[in-house]
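**Q** sequence? don't have it. structure:
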Ligand SMILES: NC(=O)c1ccc[n+]([C@@H]2O[C@H](COP(=O)([O-])OP(=O)(O)OC[C@H]3O[C@@H](n4cnc5c(N)ncnc54)[C@H](OP(=O)(O)O)[C@@H]3O)[C@@H](O)[C@H]2O)c1
């Protein structure tokens with residue numbers, strides 16, 4: 001049986017990935033930090049639908065909490081992890097000039113250091129480990145001036161993915177899924193979100209489904225590694241090639 005740990009899975013995109021993988025027959029470890037209630041409700045929903053799940057908590061900026069979480073999973077009846085989904089992230093506003101050292105530590109330790117450390121321990125400790133899927137962000141291709149540290153951390157994940165794919169081969173396949181604008185940031189004004197999220201090349205209005213399809217594909221594909229799946233409806237090309245884009249609908 002596939003046993004999957006999904007970080008930051010209590011709500012939003014992580015919870016949708018959890019339900020998708022549970023529906024595919026995986027045992028799902030729902031990791032959360034603050035949203036325990038949502039994690040428990042999600043667990044009940046998965047079980048009610050005939051799936052299997054449990055919850056585990058850790059602040060991923062704390063190395064000893066990551067170790068304790070993995071100890072807890074390893075000692076449990078569902079301790080044979082096969083897949084790690086690095087989904088947890090912090091989306092902190094700030095430019096290179098306005099960001100503080102504390103901002104740097106928070107963003108880098110959550111979005112980059114935790115992905116590296118958790119992935120390395122997963123590869124080392126779990127003999128059934130075979131795939132790592134990390135959530136990047138397609139918008140880093142266009143710069144992320146207003147979320148500079150977030151952009152830098154997500155940009156670096158591509159490099160880390162390649163490094164880990166090489167280091168963990170041939171046993172563990174490591175890939176990055178980089179979505180476009182999927183869900184409105186919680187502090188983001190609705191009008192800015194509307195403007196950003198509709199600047200795409202295709203009319204697909206269910207980008208969540210595209211991301212879930214990407215996760216399912218990586219669960220089944222035996223060969224892809226060190227790669228990036230960009231699932232952004234062509235968003236990143238809008239600013240680079242806007243002048244040649246025309247509406248070809250008939
Ligand atoms: N939303 C989008 O449109 C979009 C677009 C492109 C890429 N992505 C990527 O897709 C992933 C999911 O996006 P999202 O918007 O659903 O994410 P999100 O809501 O910003 O964050 C997901 C979860 O990360 C957890 N988290 C944050 N800091 C943590 C820490 N120090 N320790 C442990 N957990 C921590 C939180 O768990 P608790 O709530 O339990 O504290 C949070 O619920 C992210 O990697 C994001 O960068 C999203």
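**A** Nice, I can see it. Just so you know, these numbers come straight off a predicted model, no measurement behind them.

**Q** run the contact check for stretch 2-12 versus the ligand.
**A** Yes: with C-beta under 6 Å from any ligand atom as the criterion, the ligand is reached by stretch 2-12 at 8, 10, 11, 12. Bear in mind the C-beta positions are built from the backbone N, C-alpha and C, glycine included.

**Q** now do that stretch: distance to the chain's middle.
**A** With C-alpha atoms, centre = their mean, to the nearest Å as the basis, stretch 2-12 stands 9 Å off its chain's centre.

**Q** so how far is residue 235 from the residue in the chain that the ligand sits nearest to?
**A** In the chain, the residue that lies nearest the ligand is residue 8 (2.7 Å; C-beta to the nearest ligand atom). Per C-beta to C-beta, to the nearest Å, residue 8 is found 22 Å from residue 235.

**Q** and what of residue 198?
**A** Separation of residue 198 from residue 235 (C-beta to C-beta): 9 Å.

**Q** next one: residue 158
**A** 17 Å.

**Q** of these two, who's got more company?
**A** residue 235 (24 against 17; other C-beta atoms under 10 Å).

**Q** contacts for the helix ranked longest in the chain next, please.
**A** Ranked by residue count, the top helix of the chain under DSSP state H comes out as helix 148-168. The contact list for helix 148-168, computed with C-beta atoms under 8 Å, 6 or more residues apart in numbering, reads 89-92, 94-96, 99, 103-104, 107-108, 110-112, 115-116, 119-120, 123, 132, 134, 136-137, 139-140, 143-145, 172-176, 178, 225-228.

**Q** strands - which of the residues you listed land there?
**A** 132, 134, 173, 174, 175, 176, 178, 228 (DSSP state E).

**Q** and of these, the nearest to residue 62?
**A** Nearest to residue 62 among these: residue 134, at 19.6 Å, using C-beta to C-beta.

**Q** okay, and the beta partners of the closest one?
**A** residue 86, residue 176 (DSSP bridges).

**Q** same thing with residue 56?
**A** residue 31.

**Q** quick check: residues of the protein near the ligand?
**A** So the chain meets the ligand at 8, 10-14, 32-35, 59-61, 87-91, 110, 135, 137, 179, 181-183 (C-beta under 6 Å from any ligand atom).

**Q** among the residues you listed, the buried ones, what's the PyMOL command?
**A** Remark: buried members of these, expressed as a PyMOL selection using 16 or more other C-beta atoms under 10 Å:
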select buried, resi 8+10+11+12+13+14+32+33+35+60+61+87+88+89+90+91+110+135+137+179+181+182
